[in-house]
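Asks: After the sequence you'll find the predicted model.
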Amino acid sequence: MSSGVQPTQECLEKFQELKTGKKLSYVIYGLTEDKKSITVLKSSEEKDFDAFVNELPEKECRWAVYDFEFTLPGGEGIRNKLVFVVWSPDDANVKNKMMFASSKDALRRRLEGIHIEIQATDFSEITKDAILEKALRR
Amino acid sequence: MVYNGDEVSALVVDFGSYTTRAGYAGEDCPRVVTPSFYGYIDTPEGESSTTNGNANAAAEGEDVVMENGGEGANGTSGKTTRKYFVGDDGVGVWRKGMEVDNFMQDGIVYDAEPASRLLNHILHDRLGVNPEEHPLMITEPAWNTTKAREQLTQMVFEGEKMPALYFGSAGVLSAFAAGKPTALVLDVGYTHSSVVPIVDGYALRAGTMRQPLGSELLISQFHSHFIKPSSTRDFPLSLASRHLISKRDPQLNPGTKANPVLRDDRMSGTTASWKKWSENGVIENWKEATTEIVNYKGFDFNTSKDLPQVLYEFPDGYHQYFGEERYRFTEMLFDPKNYFNQSVEPPANLRGISNTDHSHSLKDLVSLSQLVHDSIMACDVDVRASLLQNIVVVGNTSLTRGLIERLDVELAALMPSQKIKIHSPTIPFERKYASWVGGSVLASLGTFHQLWVTKDEYEEHGINIVHQRCK
């Protein structure tokens, strides 16, 4: 079941840019004013993870793709993996949560090459460690 | 409504085992919350329906009273006319010779006739709308049957001539309303508790589990406890509801037997099914007001007498400081082996659920935590971790104080190496009416338009289009 809300072309282009260009560090997605499509709210080259997390609002839902860079244990080098973040804070209202939950699949399945998916409801669930754990597991 | 420019003015109806919720899509909570129980009186053909005199003369004049039902369900004794009484003024009003039944069974709309009466009552009398102008979303459990769907579809398109319909999966709607495309939804309701794993907005059939462990079973255990003397009470309780009492017994000390003045005029005309229904209502109120769940396993109810007590007064005037009884019975939700008393006759409608891969019968009830565990284990390894970190608990019975805390403790003990996180809506009505609330938002979206099954499509393609689109 889904809301029928679809991503704009820009959403996919920004994702491609992030994936292939190796310049962008993250893209944050949200809904348009009229709540009828998914749009890019911000994209940035800022690599700092905390700066990225700070961009997530306390009372509103978002989706984001973050290019996660990490070092393999035992000095095996540096790797990058794309993380898809579903940000649904407890303090967001039901309508907002519902809109985002029921539209997520429309965006997610159009983005190829995501390795890790995180569904977070508060800042304790979206930490470097949590992502690193998932990154190393696969 | 803020969310979409083009208003679709859809309605949402959520048929539940205890109450049915209905209202306008886009609103925060349902306008109508009304019993899924209904009353009926059978009159043999020929005998004109007797006016019942006294207090219900007014009630008899209501719109809910319709006189062409019958459908020959029990056609053995010749022809009878069945009069239905639905909605708040249905079972909630005492009528001479009125029997009580419920059109839901196992979470599914089972008896189409009274259900359609209720839908009609909701649309015309309660919401006061012209059904031909409003699309309708109906919620359904993950295990809904084809038959029930077909009957509801006919009811909506052929009976009420509504322009469009959609069946929303209750579990998915509850997960969405909690902001989660992926979640494990534990619904503890009236007739049963169920677990439905949802991954990216779709319910996984494999992990869907249910069992008849809910309020109704608890109430039947309480009923048997209250109508017998107990260790702290040397007389049975009357459990008489306010309908049957003309004057309650006022100046009593706690714990002494109440001697209310009963309505003698109603004694002979009260049916056994109505009496049971009203007594269950009295217990339900007591249960909601007082019961709690202890927060760890293996509590010894025999030796501990120092559990906190609360004062509660029954409609007949009996009042008492309740302590141990508030905790001991609800222990059944987490330890059915030891706390479900099988010698107490369970309600007949709960015996319908049999043992399968997806359900437990009354004889094989498991704790809520075990049900969650079994559901997780039936799911693909890849999704288990994210399901465990997104457990959403809904349903009226889940509001029992201490239930969430206890579930947390039990799950941690059952799966010690796993990260488990329970999310439960903090506002009670969002928990009680989770699937309605979810349906309300979804059905109000302009973009959801494309998913509605319209009346024209139904007339052209038949029922298959419903099965195809509502997944």
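Replies: Sure, I can see it.
Asks: helices or strands next to the one helix or strand in chain A whose mean pLDDT sits lowest in the packing?
Replies: For chain A, using mean pLDDT, DSSP states H and E, the weakest element among its helices and strands is helix A:128-137, scoring a mean of 89. Judged by 3 or more CB pairs under 8 Å, 6 or more residues apart in numbering or on different chains; DSSP states H and E, helix A:128-137 is in contact with strand A:62-71, strand A:78-87, strand A:116-120. All C-beta spots, glycine's among them, are computed from the backbone N, C-alpha and C.
Asks: So which residues make contact with it?
Replies: Helix A:128-137 is contacted from outside by A:49, A:68, A:70, A:72-73, A:79, A:81, A:83, A:115-116, A:118, using CB atoms under 8 Å, 6 or more residues apart in numbering or on different chains.
Asks: tell me which parts of chain A are close to chain B?
Replies: By CB under 8 Å from any CB of the partner chain, the residues of chain A that approach chain B are A:1-6, A:34-36, A:61, A:86, A:88-90, A:92, A:94-102, A:104-105, A:108, A:117, A:119, A:121, A:125.
Asks: ok, the helix or strand hosting B:L442 near chain A or not?
Replies: Per DSSP states H and E, B:L442 falls inside helix B:434-444. Yes. Applying CB under 8 Å from any CB, one finds helix B:434-444 touching chain A at B:437-438, B:441-442.
Asks: Name the residues that touch the longest helix along chain A?
Replies: Using DSSP state H, we find that the single longest helix of chain A is helix A:94-108. Outside helix A:94-108, the residues that touch it by CB under 8 Å, 6+ apart are A:1-7, A:11, A:29, A:31, A:35, A:38, A:60-63, A:84, A:86, A:88, A:114, A:117, B:2-3, B:28, B:175-181, B:200-201, B:430, B:437-438, B:441-442, B:445.
Asks: what ranges do the strands span in the stretch 201-350 of chain B?
Replies: For the stretch 201-350 of chain B, the strands defined by DSSP state E, counting those that start in this stretch cover B:202-203, B:209-211, B:245-247, B:261-262, B:310-313, B:319-322.
Asks: Now distance to B:V156 too, for those, in JSON lines please.
Replies: Formatted as JSON lines, the strands of the stretch 201-350 of chain B follow (distance: least, CB to CB, whole Å):
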{"stretch": "strand B:202-203", "distance to B:V156": "22"}
{"stretch": "strand B:209-211", "distance to B:V156": "26"}
{"stretch": "strand B:245-247", "distance to B:V156": "41"}
{"stretch": "strand B:261-262", "distance to B:V156": "44"}
{"stretch": "strand B:310-313", "distance to B:V156": "42"}
{"stretch": "strand B:319-322", "distance to B:V156": "45"}
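Asks: could you measure B:W286 against B:P250, distance?
Replies: For B:W286, the distance to B:P250 equals 19 Å [CB to CB, to the nearest Å].
Asks: quick check: domain ranges of chain B?
Replies: Annotated domains of chain B cover B:11-169+B:437-469, B:196-212+B:350-424, B:215-338 [automatic domain parsing].
Asks: Sketch out the low-pLDDT regions of the chain for me.
Replies: By default, I'm working from chain A. Applying pLDDT under 70 to chain A picks out residues A:138.
Asks: To clarify, I was referring to chain B.
Replies: Residues of chain B that meet the criterion pLDDT under 70 lie in B:1-8, B:46-78, B:251, B:303-305.
Asks: List, one by one, the residues from it near chain A.
Replies: Neighbours of chain A within chain B, by CB under 8 Å from any CB: B:2-5, B:28, B:168-169, B:172-173, B:175-182, B:200-202, B:386, B:389-390, B:421, B:423, B:426, B:430, B:437-438, B:441-442, B:445-451, B:471.
Asks: about what we covered before: okay, B:W286 and B:P250: which has more neighbours?
Replies: B:W286 (22 against 8; other CB atoms under 10 Å in any protein chain shown).
Asks: Could you find the closest non-adjacent residue to B:F235?
Replies: Using CB to CB, 6 or more residues apart in numbering or on different chains and skipping the chain neighbours, the partner closest in space to B:F235 is B:K257 (4.8 Å).
Asks: right, and that neighbour touches B:H319 too?
Replies: No. Using CB atoms under 8 Å, B:K257 is not in contact with B:H319, being 11.3 Å away.
Asks: thinking B:P254 is in contact with B:F314, fair?
Replies: No. Using CB under 8 Å as the test, B:P254 is too far from B:F314 to be in contact (11.6 Å).
Asks: between these two, which one's more packed in?
Replies: It is B:F314, of B:P254 and B:F314, that has more neighbours when counted by other CB under 10 Å, with 21 against 12.
Asks: give the contact list for that one.
Replies: B:237-239, B:258, B:282, B:286 are the contacts of B:F314 under CB under 8 Å, 6+ apart.
Asks: sorry, back to before: which helix or strand lies directly C-terminal to the helix holding B:L442?
Replies: Next in sequence after helix B:434-444, counting helices and strands by DSSP H and E, comes strand B:453-454.
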